[in-house]
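> pasting the sequence and the predicted coordinates here, then a few questions.
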Amino acid sequence: MRDLIIIGSGPGGLTAAIYAARADLKPLVIEGLQPGGQLTITTEVENFPGFPEGIQGPELMDRMRQQAMKFGSEHLFEVVTKVDFTGRPFAVWTGDTKHEARSVIVSTGASARWLGVEGEKRLQGRGVSACATCDGFFFRDMKVAVVGGGDSAVEEATFLTRFAREVVLVHRRDELRASAVMRERAARDPKISFLWDSVPVEILGDDVVTGMKVRNVKSGEVSTVALDGVFMAIGHAPNTEVFAGQLDLDDKGYLKTERMTRTNVPGVFACGDVVDTRYRQAITAAGWGCMAALDAQHWLAEQKG
Ligand code: NAP
């Protein structure tokens, strides 16, 4: 039986792994569906301290993993399918395999949200996507839309200008939520145009995307925009399905914690985007991962008396 299992492998989970491994807890990191987390589907990370020239997201995550492994963390590239936190030791399953540990850190992050409009699901992989870095390449010289007004939307739109002929940013208000530097970047880009006060009502196309119906929220008018692709960037939802009934969740599904990292089950800690409804940055997740590892370490020491 182990001292610690870490579920998830974004900046939170891998920083927790670095700290826990250096404390000789020999953590098992179960990396999940997207090893390295959301940064592996982004490009340049410009705001992680220590990289003045920027660093590619996947490289940053590889380096974090290497750093943890150097100190003895073990990594399993599998998905947690069930947990039982009602008894001790805690039990975590990956398929039929049961893993046991005295403590657990949950850092399962969040996944892209979808609009839920007509045509969206049917045309996924046929012009509808939530990842420009994964799929942008297919839209060379085409016209695409990005839905959303936050940093992700601007980042996706800017990235898509490498391939697309024209990128329309569709936002439900008349002002972007994105940070100033990102807003200015988008405003300066001749390939990016804006469709303000607009929400998608339907994505059109039989086999592939051919357009999108949008409604102006002020006038109520519905119009059709001809498009070859639609990228969703409307935020994220926490990955907590597997913990329902085991750990306390808020009304949006985020894990509830006390004193930053403690869940309602003593010995189970949480960090990063699975808890964070406010900051959601790589660096805040990393800092939180450090706190979770230190809290787990102190808790284990108390248990051992
Ligand atoms: P976000 O900041 O929550 O923005 C989501 C955007 O989608 C908002 O503009 C929101 O509109 C819009 N939206 C939400 N639901 C919608 C719906 N049903 N229909 C239409 N529009 C909808 O999410 P994010 O952009 O993914 O960013 C998440 C966090 O990651 C943020 O803290 C951000 O700073 C960070 N991030 C940072 C970087 C970077 O620094 N390079 C890059 C990416 C993300 P409203 O504005 O009207 O609410």
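Now that the structure is in, tell me what you want to look at.
> got a pLDDT number for the residue in the chain that the ligand sits nearest to?
For the chain, the nearest residue to the ligand under the criterion Cβ to the nearest ligand atom is residue 150, separated by 2.4 Å. C-beta: built from backbone N, CA, C; applies to glycine. We have a pLDDT of 96 for residue 150.
> counting neighbours, what do you get for the residue lying closest to it once chain neighbours are set aside?
When the adjacent residues along the chain are set aside, residue 150 lies closest to residue 177, with 4.6 Å between them (Cβ to Cβ, 6 or more residues apart in numbering). As a burial measure, the neighbour count of residue 177 was computed by other Cβ atoms under 10 Å and equals 16.
> gap between the residue of the chain closest to the ligand and residue 46?
Counting by Cβ to Cβ, to the nearest Å, the gap between residue 150 and residue 46 amounts to 16 Å.
> settle it for me: which of the two has more neighbours?
Just comparing residue 150 and residue 46: by other Cβ under 10 Å the higher neighbour count belongs to residue 150, 18 against 13.
> pull the contacting residues for that one.
Remark: with contacts taken as Cβ atoms under 8 Å, 6 or more residues apart in numbering, residue 150 is in contact with 176-178, 233, 235.
> can you do 7 Å?
With contacts defined as Cβ atoms under 7 Å, 6 or more residues apart in numbering, residue 150 is in contact with 177-178, 233, 235.
> now list the buried members of the residues you listed.
In terms of neighbour count (16 or more other Cβ atoms under 10 Å), the buried residues within these are 177-178, 233.
> roughly how far does the residue nearest to residue 150 sit from residue 257?
From residue 177 to residue 257 the distance is 25 Å (Cβ to Cβ).
> and what of residue 63?
Relative to residue 257, residue 63 is positioned 27 Å away (criterion: Cβ to Cβ).
> between the two, which is the more surrounded one?
The neighbour comparison of residue 63 against residue 257 (other Cβ under 10 Å) goes to residue 257, with 23 against 12.
> give the contact list for the more buried one.
Residues counted as contacts of residue 257 (Cβ under 7 Å, 6+ apart) are 263, 270, 275.
> what do you get if the cut-off is 10 Å, keeping everything else the same?
106, 247-248, 263-264, 268-271, 274-276, 288, 292, 295 (Cβ atoms under 10 Å, 6 or more residues apart in numbering).
> would you check how far apart it and residue 160 are?
Here residue 257 is placed at a distance of 36 Å from residue 160 (Cβ to Cβ).
> next one: residue 221
Computed as Cβ to Cβ, the residue 221 to residue 160 distance reads 26 Å.
> with residue 208 instead?
Going from residue 208 to residue 160 by Cβ to Cβ gives 17 Å.
> neighbour count winner among those two?
Just comparing residue 208 and residue 160: by other Cβ under 10 Å the higher neighbour count belongs to residue 160, 26 against 12.
> I figured that one hits residue 228, correct?
No. When contacts are counted by Cβ atoms under 10 Å, residue 160 is not listed as touching residue 228 (11.1 Å).
> mutual contacts of the two, please.
Counting by Cβ under 10 Å, 6+ apart, the common neighbours of residue 160 and residue 228 are 139, 142, 144-145, 166.
> dump those residues to CSV, plus distance to residue 92.
Conversion of the shared contacts of residue 160 and residue 228 to CSV gives the following (distance: Cβ to Cβ, whole Å):
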residue, distance to residue 92
139, 40
142, 44
144, 40
145, 40
166, 47
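> now the residues you listed: which count as buried?
When the shared contacts of residue 160 and residue 228 are checked for burial by 16+ other Cβ under 10 Å, the buried set is 139, 142, 144-145, 166.
> residue 203: which of those is nearest?
Sorting those by how near they are to residue 203, with Cβ to Cβ, puts residue 145 at the top with 9.4 Å.
> and the pLDDT for that closest one?
Confidence per residue is given as pLDDT, and for residue 145 that number is 98.
> the nearest residue to it once chain neighbours are set aside: what secondary structure?
What sits nearest to residue 145 in space, not counting adjacent residues and going by Cβ to Cβ, 6+ apart, is residue 168, at 4.5 Å. The three-state assignment at residue 168 reads strand, by DSSP: H, G, I helix; E, B strand; the rest coil.
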